[in-house]
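Participant: Okay, predicted coordinates and the sequence, questions at the end:
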Amino acid sequence: MTDYVASALFVHTKDTAYIADLLNKHPCGAVITPMTFEGVMLDPHGILKGVAHVVISGPLAAVKGMLELAAVTDVSIGLVPTESQKNLRRLYKLPRSIEEAVDLALQTEPTAMDLLLCNGRVVLFRATVGRIPLLDTPDHPGKLSILKAAVSAFFNLRLLKFDFSTAGERQIATAASGCIIFQHCESSITSRLISGESSASDGFVSTVISAPISVIDYVKFLLNLLSPSRNRKRLPSAIGYIKSQTVKIEPESELDVYIDGEPATRTPIYCEAKPGAVRVNVGPSLREESRPAEPTKERIQTDHLPKGKELLKARKKNAIPFFSYASEDRFRDLFTALRDDAEINNFFLVLMLLSTMLAAVGLYLDSASVIIGAMLLAPLMAPIVSLAMGVLRGYDKMIRRSLEKIAVGVTIALLASIIITLLFPDKPITGEMQARLNPTLLDLAVAIISGIAAAYSKSFREIIQSLAGVAIAVALVPPLAVAGTGIGRWDFQFFFQAFLLFSTNLVGIVIAATLTFRILGYSPAIRSKRNLGMVLCLLMLIAVPLYLSYNRIIEERVFERGWQNERFLINGKYIIIESADLRRLGDKKIVVMEMVLRDQMDREDMEEFKRKIQAYFPDKLIIRAKTTFIP
Amino acid sequence: MKQLKYRNILIGTALLVVGACGQESRVAPSGNVIKIGIIAPFSGTDLNQGAEGLKGVETVMRLWPLLANGDSIEIVKKDDGNEPDRAIKALQELTEVDQVAAIVTFSGSGPVLAMAGVADRYKTPILATLATHPDITRRSEYVSQVCFDDIFQGQVAAAYVRDELLLDTVAVFSNPDSIYSSNLATEFERKFVSLGGRISDTVPLSAEAKDYTAVLKPLAAKGPELLYLPLTAEDVIGIIEAAVKLNWMPLMMAGDGILATVMARHHEQADLLDGLLTTDFYHYTNKLTPFGEKVRRAYDGKATSFAILGAEGFAILRDAMNRCSEPASRGCINDKIRTTSNFTGVMGPITIGSDGKAHRPLVINTIRKKRMEFMVKVY
């Protein structure tokens, strides 16, 4: 059984005066006294004297004004949000339809709710201090202006010293770009980060501190915020969190404070949650959530934010860098591992020899599985990744050692495959070999993607086992084995094509891994621009034959596909071309086609067929035909 | 200083070479005018053949207004309404009164065959762009074809149906009043039977017998898998409508030019033709030659087969005239037309043999959702 108030003061503005009719017509028969918000504010305490319940409908300022009055006069509040006040509806879980909202507003079962005040001003949704791009925008700006402001803010984000003091007398000094203060987890996007941690009636105020160490770090935080699969128990590295009854925030310089999207006050700012300060008719689900719970403790999660020396370092910079820096621990571990990878040792020599032998035999057997085994054994990826780090950080010693190790590996691979080729009595060119003789831009793309994956997996211990997959994808040893086979066959075109594929992989991985390490923060800048320039020049040199080769392959595919729609009528004999395969022998183009026809072709037919091909097709083609007869 | 001078000369020369390469060579007008006749149906039911063919000619004239020696060409048009008698009269007037150097015709096989019967008398080269009857070139050494002939067309259609669609039974329609239709039907039938196929019916569809439903009913009972329809667009549409009424939809195949007529005159009924196969000269998705690209760009609107054949025919004639020391010489033009070798047409090379027959590929298209879809190209 729902009970309704016997009388209520209806506070409205000009735009919401019509709601008085709905209140008057409500079947509960409550006596409604309408009054404008401006009218109430002329003598608020006088007017509210003897009033037990107020229904308010109007702009946010009016709602906040009435809540502030309710906190000191003990009237209960019923809310009828306007069509555009979606946030307010969400905050108090009010019904969508105006009739239902009116019904709820007149009920007699208010819930005691906390009231968040910052510098004495009511905060319904959030208060923001400093810069928190995309999250500190006013409530209803245009999309373009949000984007413009965000782009500008991204590149001007800087960390300031912030001092936070809590009700539990904890003092936290850190560097942050800004912070957001709110009370209820449904009230802003940021509050989703600490979903379940805050309640509208727990007597606590929540503060989310944004302290990104780079633009990339901040973007990661935003993506994390939007990700439905994020780990809710763990805060992103760029974020700190304080939950206390009160919080005092003092940045090193005075900043504007925006309350609910509007400029309201300036720092320092003192925010407090007044427990159960107002009694509001809220939606049934919020009423359930707001039942008195176990008292909670103050909570502070700021350990990962800059402090001490880091704080001083962060404050020195004008704006945060675009890329993050890796932590010193992570960098030390990785660097030690990469330095070891650049050293030649017996394991490397033996594995290199074995993997090449396996690859060479697998190539002659035309066995993909044996070749994959060789790829997994191959130890060449490690010195290449070390070389990338050396190039990035300008460590000449590491570069030199990596190059030496790669050169030794290449020499072993070539020699081993030459010897195997010379020992093999039969030297067929298998499909697996042919597949490594026409490198194109697509192979470069594979190398680049693999380089990124290699550097990324090397950077994190948790995913280091993925390097095996990278090794298979990019396959360094099989092209070397094919190149050695070319020398063994005394066919230098063969050698050149396969070695081009290896070089493509090598250069692609070095470039991609260098840039990936840079993005992951292993260097504040590319220190050895000369070395990187050299690798880039090599990349461009390699890209030329790859581009030509790629173009040629595309042309060939188009040519071959085109033939599938070509037919001939030769001396009354209808010839269906089912497929065509373009092959090259030096500068000659050979088309091997599969034809379907009904009658045998004699010499005269063949001559006519050849004449038509020569007449209608621009290139000089040599035709080889396989025929299937229609019985 | 000297180095700078050489560099400037080098840059200047390079710019001149680049500039010269970027432009078509300009020919100074000689002031001479050579008359070329055009005989085509500019009135009657087939007027789109004439109108579109002429647009093709005008496109080429816009692109290359003068011959290589600077002579200009004047077009003299004659309407034959696609009727043999009027075509002969037009030929006589053009040769005797207008004194044209050559004639391009967009008429069908009937009128061109009639002209071929008397062409030797006038000794004026006639280039038939649309007439596909094989006897056109046999009757006169002054008549040459730009299109393929019906022997090629009929044989290709039959072989496609038999060997690619793998169909066994076909009913063949023909219009006994049309030389084109009956000849193409005969060629198809002959080839199809020689490939082991069976003709379930041969249906003569004269001008009087237009009750298509009555014609189709007995055919449907025999269940041919395809209807071969070397007929006019109106007849093909009538047959398809009747088949729809009978709720019987076998595959259907029509001859060249039908899609151009449908697109020009019956576009609103094009959805009825969904699935219809046709032998044709072009498909717009085929790769165009540089000549084809120029024509496509210069053509006002979307060129049909008639327009493209008009453009190609006139370009072949221009080429022949350019190869003559006396571009207005009828004898020379005729000789040169019949020695056209690998002339770059819209889609590829066209060769005209000494017998006046054109060697060029044929395409098989189909209609899907009111659009032409390319199936195969046959050389």
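Facilitator: Received the coordinates, thanks.

Participant: Can you tell me which residue of the stretch 1-150 of chain B sits closest to chain A?
Facilitator: In the stretch 1-150 of chain B, the residue that lies nearest chain A is B:Phe148 (9.9 Å; CB to the nearest CB). Every C-beta, even on glycine, is put in place using the N, C-alpha and C of the backbone.

Participant: In three-state terms, label that residue for me.
Facilitator: What DSSP: H, G, I helix; E, B strand; the rest coil gives for B:Phe148 is coil.

Participant: hang on, it packs against B:Thr132?
Facilitator: Yes: the pair B:Phe148 / B:Thr132 is scored as a contact, 6.6 Å apart, by CB atoms under 8 Å.

Participant: The two: which is more packed in?
Facilitator: B:Thr132 (28 against 23; other CB atoms under 10 Å in any protein chain shown).

Participant: List the contacts of the spatially closest residue to the more buried one that is not a sequence neighbour.
Facilitator: Nearest residue to B:Thr132, sequence neighbours excluded (CB to CB, 6 or more residues apart in numbering or on different chains): B:Asp150, at 4.8 Å. Contacts of B:Asp150 were listed using CB atoms under 8 Å, 6 or more residues apart in numbering or on different chains, and they are B:Ser109, B:Thr132, B:His133, B:Pro134, B:Tyr180, B:Asn183, B:Leu184, B:Glu187.

Participant: so which helix or strand takes in the fifth one?
Facilitator: Read it as B:Tyr180. helix B:179-194 (DSSP states H and E).

Participant: which outside residues touch that helix?
Facilitator: Residues contacting helix B:179-194 (CB under 8 Å, 6+ apart): A:572, B:108-110, B:113, B:131-134, B:150-151, B:153-155, B:157-159, B:161-162, B:170, B:172-176, B:199, B:202, B:228, B:230-231, B:255.

Participant: and B:Gln92, how many neighbours does it have?
Facilitator: For B:Gln92, the neighbour count with other CB under 10 Å is 15.

Participant: my read is it is in a helix, agree?
Facilitator: Yes: B:Gln92 sits within a helix when classified using three-state DSSP.

Participant: Look at the nearest residue to it once chain neighbours are set aside and say how many residues are nearby.
Facilitator: Counting by CB to CB, 6+ apart, B:Tyr122 is the residue found nearest to B:Gln92 once chain neighbours are left out, at 7.2 Å. By other CB under 10 Å, the residues close to B:Tyr122 number 19.

Participant: quick one: pLDDT of B:Tyr122?
Facilitator: For B:Tyr122, the model assigns a pLDDT of 90.

Participant: residue boundaries of the helices in the stretch 151-300 of chain B?
Facilitator: Using DSSP state H, counting those that start in this stretch, the helices of the stretch 151-300 of chain B run over B:179-194, B:212-222, B:233-245, B:258-265, B:290-298.

Participant: From the rest of the structure, what touches stretch B:52-63?
Facilitator: B:38, B:40, B:42, B:73, B:75, B:77, B:104, B:106, B:129-130, B:260, B:264, B:294-295, B:298-301, B:303-304, B:306-315, B:318.

Participant: Swap in 6 Å and give it another go.
Facilitator: Applying CB atoms under 6 Å, 6 or more residues apart in numbering or on different chains, the contact partners of stretch B:52-63 are B:40, B:106, B:294-295, B:298-299, B:304, B:306-307, B:310-311, B:314-315.

Participant: Adding neighbour count, distance to A:Ser227 and pLDDT as columns, could you present the residues you listed in CSV?
Facilitator: Output for the contacts of stretch B:52-63, formatted as CSV (neighbours: other CB atoms under 10 Å in any protein chain shown; distance: CB to CB, whole Å; pLDDT from 0 to 100):
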residue, neighbour count, distance to A:Ser227, pLDDT
B:Ala40, 32, 70, 95
B:Phe106, 32, 68, 95
B:Lys294, 18, 56, 93
B:Val295, 25, 57, 92
B:Ala298, 14, 56, 92
B:Tyr299, 20, 55, 91
B:Thr304, 25, 57, 84
B:Phe306, 27, 62, 89
B:Ala307, 29, 59, 92
B:Gly310, 32, 64, 94
B:Ala311, 30, 61, 95
B:Phe314, 28, 67, 96
B:Ala315, 25, 64, 96
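
Participant: what's the distance between the residue of the stretch 1-150 of chain B closest to chain A and B:Asp163?
Facilitator: According to CB to CB, to the nearest Å, B:Phe148 and B:Asp163 sit 19 Å apart.

Participant: residues in contact with whichever residue of chain B sits closest to chain A?
Facilitator: In chain B, the residue that lies nearest chain A is B:Ala159 (3.3 Å; CB to the nearest CB). If a contact means CB under 6 Å, 6+ apart, then B:Ala159 has A:Tyr574 as its contacts.

Participant: any idea of the pLDDT on it?
Facilitator: Here, the pLDDT recorded for B:Ala159 equals 95.

Participant: Could you find the closest non-adjacent residue to the residue nearest in space to the middle of chain B?
Facilitator: By CA atoms, centre = their mean, chain B has its centre lying nearest to B:Leu130, at 3.9 Å. Leaving aside its sequence neighbours, B:Leu130 sits nearest to B:Phe106 (CB to CB, 6+ apart; 5.5 Å).

Participant: tell me the phi and psi of the one you found?
Facilitator: phi -110, psi 20 (degrees, to the nearest 10).

Participant: How about A:Phe155?
Facilitator: Backbone torsions of A:Phe155, given as degrees, to the nearest 10, read phi -90, psi 0.

Participant: count of neighbours near it?
Facilitator: A:Phe155: 12 surrounding residues under other CB under 10 Å.

Participant: State whether A:Leu467 is indeed within a helix.
Facilitator: Yes: applying three-state DSSP, one finds A:Leu467 inside a helix.

Participant: A:Val474 versus that one, what's the distance?
Facilitator: A:Leu467 is 11 Å from A:Val474, where distance means CB to CB.

Participant: Those two - which one has more neighbours?
Facilitator: Between A:Leu467 and A:Val474, counted using other CB under 10 Å, A:Val474 has the larger neighbour count: 27 against 18.

Participant: sorry, back to before: if any of the contacts of B:Asp150 are buried, put those into a ChimeraX selection.
Facilitator: Paste this into ChimeraX to select the buried members of these, with burial taken from 16 or more other CB atoms under 10 Å in any protein chain shown:
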select /B:109,132,133,134,180,183,184,187
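
Participant: Closest to A:Leu305 out of the contacts of B:Asp150?
Facilitator: Minimum distance to A:Leu305 across those is 85.9 Å, recorded for B:Thr132 (CB to CB).

Participant: rewinding a little: the residue nearest to the centre of chain B in helix, strand or coil?
Facilitator: Assignment for B:Leu130 (three-state DSSP): coil.

Participant: Is it correct that A:Pro211 is in contact with A:Leu305?
Facilitator: Slight slip there: residue A:211 is Ala, not Pro. Yes: here A:Ala211 reaches A:Leu305: they are 4.7 Å apart, a contact under CB atoms under 6 Å.
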